[in-house]
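Visitor: whatever this is, show me its structure:
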Amino acid sequence: MKTFFFTILSVLYVSPSISQTVKPEAVIDNAIKTHLQWEGMDIQFSANVRSDDNQVSESFEGSFSIKEKKFLLKTPEMITWFDGKTQWTYLVRNDEVNVSEPAGDELKMINPMQVLKDYKKDFTVSYIGESTSANAKLADDIALTPRKKDDISKIELQIEKSNSMPVKLTVTMKNKIRNVFSINQIKAVQHPDEIFTFPEADYPDVEVIDLR
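Guide: Predicted coordinates for the structure are as follows:
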């Protein structure tokens, strides 16, 4: 009987210490090394954007193609091309494309992978705890808090333990809008530079609004 109670006590006291030994920076670094270090990649995702204040919620699916700082983002409502300097955002409903040259903070709003790659410089990191992912796998939950004043209030990452796969990214804004991105697939792909530039020939009648 004593042995049984000592076993229970050891589990109660040892388990918290085990969770505290998780180093969140190491978890993120391993995810970047395992999945996000490729020169080019394709990401398939599901997203939910919610504003509790306005009682508005929208869900959609999309794809994200990346090559270094260049990217191509596709959702049902818009397509965004970024060639490293110039950004073109095509709004499907309005049949117009907005041209801009976004700054660093603006890019982070569109390209969450850039947030992860620069996280040590821009965020403090803390370990939230363990959870179960949508794939029914044990995962580590990590919080990123901006070091300086930012439109982003907090970012939460869910990274599966078994394969270091980042499966969920939750971005909470200062205006209380909450963006949840569930990553369904990441794969390495060698993309030509041309796909990150707006293909004018494919949109001959589109209205171009130059915001530069």
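
Visitor: next, count neighbours for the residue lying closest to T145 once chain neighbours are set aside.
Guide: Once flanking residues are discounted, T145 sits nearest to T124: 5.0 Å by C-beta to C-beta, 6 or more residues apart in numbering. C-beta here means a position set from N, CA and C on the backbone, and glycine is covered the same way. Using other C-beta atoms under 10 Å, T124 is surrounded by 11 other residues.

Visitor: for N179, see how far away T124 is.
Guide: Distance check for T124 against N179: by C-beta to C-beta, to the nearest Å, it reads 20 Å.

Visitor: equivalent analysis for S153, please.
Guide: 11 Å.

Visitor: quick one: common contacting residues for those two?
Guide: Residues touching both S153 and N179 (C-beta atoms under 8 Å, 6 or more residues apart in numbering): T172, M173.

Visitor: what segments of the chain are helices?
Guide: 2-20, 24-35, 104-110, 112-117, 119-122 (DSSP state H).

Visitor: tell me where the protein has strands.
Guide: Counting by DSSP state E, the chain has strands at residues 40-51, 56-67, 70-74, 78-82, 87-91, 96-100, 123-132, 138-146, 152-160, 166-173, 177-188, 207-210.

Visitor: and S133, what does it touch?
Guide: A139, Q158, E160, V167, K168.

Visitor: if we go to 10 Å?
Guide: By C-beta atoms under 10 Å, 6 or more residues apart in numbering, S133 lies in contact with A139, D141, Q158, I159, E160, K161, S162, M165, V167, K168, S182.

Visitor: which outside residues touch stretch 54-61?
Guide: With C-beta under 10 Å, 6+ apart as the test, stretch 54-61 has contacts from 44-51, 74-77, 175-178, 180, 182, 184.

Visitor: just give the number of residues close to F82.
Guide: Neighbours of F82 under the rule other C-beta under 10 Å: 24.

Visitor: per-residue pLDDT of G40, please?
Guide: As predicted, G40 sits at a pLDDT of 86.
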